[in-house]
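1. how would this look folded up:
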Amino acid sequence: ISDTSGVYDDSTGSGGQGVYLIWADNAGLSGYREIQMSAQSVDGSGNGTYITDTPVPAQTNGTIVYYQIYAYDDDYDGNIAADRSQTYSAVQNVTVADKLFEITASSPQEAGTAFNITLIAKINSSGTIIDDNTYNGTANLTAEYVSPASGTKELSPASVTFNQGQASLSVTYSDCGTIKIKATDSSDTNITGASDSIIFRPADFALSVDSTTQTTAQPFDLIITARDSSGNTTPNFNEDLTVSVTPIDPSDSEGTLSQDSIEGADFNNGSYTLNTIYNQTGTITIRTAVTADTTKYGESEEIVFIPASFQITINDIPAARTFFYISESIPVTVQALDYNSTVITGYTGTISFKAVSNVNLPSDYTFTTADKGSHDFEVTAAQAQTFNLTVTDTAQTNVIGTSGNITISYGKIIVISKSATTGTTTVQVQIQDAN
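-> This is a model prediction of the structure:
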């Protein structure tokens, strides 16, 4: 029981706090009886272990006892409002038996991987539970589902034979979730027992995408499947996952996915389809791991993220003109755009230029991180014409960008003075647009 102020030390006395065991012979706890409980041990955080002040009365063999724990605290000594409440545990049950099995197994375990369990036959001897060294029967082993509350997988092997009241064996359970291992005598179903809860986690995860080439910022589906040690799907997987990116090229990319976690409740029959977005270009792998145990993980194959297109902007056309002159510098800005037409600040690909003849183009250029997805270039043309610039990613030739029309013109020299005397003279000329 966790209580910050501590019901075990409430100075207002027995009228102001209490922890009780409530029990009955029916699941609805109709006609229940109660026994007060006292703290057996309490840690520094207020978490306590409680035991009944008096024993539960003896019950007949085979009786199922249903019970829950009730705690309350008026908390006037601690003045912590959150503790002023009445709290009930879930209703649980236990079967009373003259004979039973004690089952020991460690937790957590890996789905599909064999692990060891120990079973000891017990007997009620004059009110004291002792080892039953005379028991040499056979018990059936089954999975008692805890979370989720149902399932389809079972234990292997499904039975065990005792020798002088004890049995040790290696068993396998090929699903995830939380179960208890239940042992039931094959001849007398009243002789039974269950282990503590055991958590089973996947051996790994399979991650797949519909294509290993994706467009930056365009939603895509990542299918995540929890698997046992043999690569089979574990339908009962239900733990939270963390989702992360491992950059491959460039290795220092700071790109992120739009979602970095998955709730276990979202899994259906061991699989979940994550619809997500990656915000940079480059090559990455995606990793998912159980939040509570990151050694249980899966990693996708390499996925390449590419721009949707390039935007080419023609800059600084002189005022009152819609064209450039022959050999005049044409300022050009190239930007890598994502699916939403937003500049990709981490683009580090290489581009090449293409245009008609008589146009002097820049050499292939590899973007740097300092460019932040945008770089300026200069182009010149050697003759009067109208043309377009095209930019292509050299590694992904389907990623292109095309400029609008660029018009190149020339200037005419008009002589204003049409006559002059023989010898050296001054002539007036005027330069006009060819258009």
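2. For the stretch 151-300 of the chain, which residues score under the pLDDT cut-off?
-> Nowhere does the stretch 151-300 of the chain drop to pLDDT under 70.
3. the strands in it, which residues?
-> Ranges of strands within the stretch 151-300 of the chain are 155-156, 159-161, 166-173, 177-185, 192-194, 198-201, 204-209, 213-215, 220-227, 241-249, 261-262, 271-276, 282-290, 293-299, based on DSSP state E, counting those that start in this stretch.
4. Direction included, what does the fourth one pair against?
-> Based on DSSP bridges, the pairing partners of strand 177-185 within the sheet are strand 138-147 (antiparallel), strand 192-194 (antiparallel), strand 198-201 (antiparallel).
5. from the chain's centre, how far out does the second one sit?
-> Spelled out, it's strand 192-194. 36 Å (Cα atoms, centre = their mean, to the nearest Å).
6. Likewise for the first one?
-> Distance, stretch centre to chain centre, for strand 138-147: 31 Å (Cα atoms, centre = their mean).
7. Specify the angle between it and strand 166-173 in degrees.
-> Counting by axes from the mean of the first three to the mean of the last three Cα atoms, to 10 degrees, strand 138-147 lies at 50 degrees to strand 166-173.
8. For residue 203, see how far away residue 110 is.
-> 5 Å (Cβ to Cβ, to the nearest Å). Bear in mind the C-beta positions are built from the backbone N, C-alpha and C, glycine included.
9. what's the overlap in contacts for these two?
-> 228, 229, 296 (Cβ atoms under 8 Å, 6 or more residues apart in numbering).
10. which ones are touching the closest residue to the first one other than its chain neighbours?
-> Using Cβ to Cβ, 6 or more residues apart in numbering and skipping the chain neighbours, the partner closest in space to residue 228 is residue 112 (3.0 Å). Listed by Cβ under 8 Å, 6+ apart, the contact partners of residue 112 are 172, 173, 174, 203, 228, 229, 230, 232, 234.
11. now those residues: which count as buried?
-> 172, 173, 174, 203, 228, 232, 234 (16 or more other Cβ atoms under 10 Å).
12. For residue 153, state which of those is nearest.
-> residue 174 (5.4 Å; Cβ to Cβ).
13. residues in contact with that closest one?
-> 111, 112, 153, 156, 228, 230, 232, 234.
14. what's the last one in contact with, if anything?
-> Looking back up the chat, that one is residue 234. Counted by Cβ under 8 Å, 6+ apart, residue 234 has contacts 111, 112, 174, 175, 176, 200, 202, 226, 227, 228, 270.
15. give me phi/psi at the second one?
-> Taking degrees, to the nearest 10, you get phi 90, psi -10 for the backbone angles of residue 112.
16. what's the spacing between it and residue 96?
-> 36 Å.
17. Redo the strands paired with strand 177-185 as CSV? Include mean neighbour count and distance to residue 49.
-> Below are the strands paired with strand 177-185 laid out as CSV (neighbours: other Cβ atoms under 10 Å; distance: least, Cβ to Cβ, whole Å):
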stretch, mean neighbour count, distance to residue 49
strand 138-147, 17, 21
strand 192-194, 20, 21
strand 198-201, 21, 21
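18. which one of those lies closest to residue 304?
-> So among the strands paired with strand 177-185, strand 198-201 is nearest, using Cβ to Cβ, at 31.3 Å.
19. Other residues contacting that closest one?
-> Identification of contacts with strand 198-201 by Cβ under 8 Å, 6+ apart yields 105-111, 173, 175-181, 234, 239, 290, 293, 296.
20. Now list the buried members of these.
-> Here, 16+ other Cβ under 10 Å leaves 105, 108-111, 173, 175-181, 234, 239, 290, 296 buried among those.
21. what sits against residue 369?
-> 250, 252, 346, 348.
22. Dump those residues into CSV; add distance to residue 369 as well.
-> Shown next, in CSV, are the contacts of residue 369 (distance: Cβ to Cβ, whole Å):
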residue, distance to residue 369
250, 8
252, 8
346, 7
348, 6
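23. Can you select the buried ones from those residues in ChimeraX?
-> Those of the contacts of residue 369 that count as buried under 16+ other Cβ under 10 Å are selected in ChimeraX with:
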select :346,348
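24. And for residue 128, the neighbour number?
-> 7 (other Cβ atoms under 10 Å).
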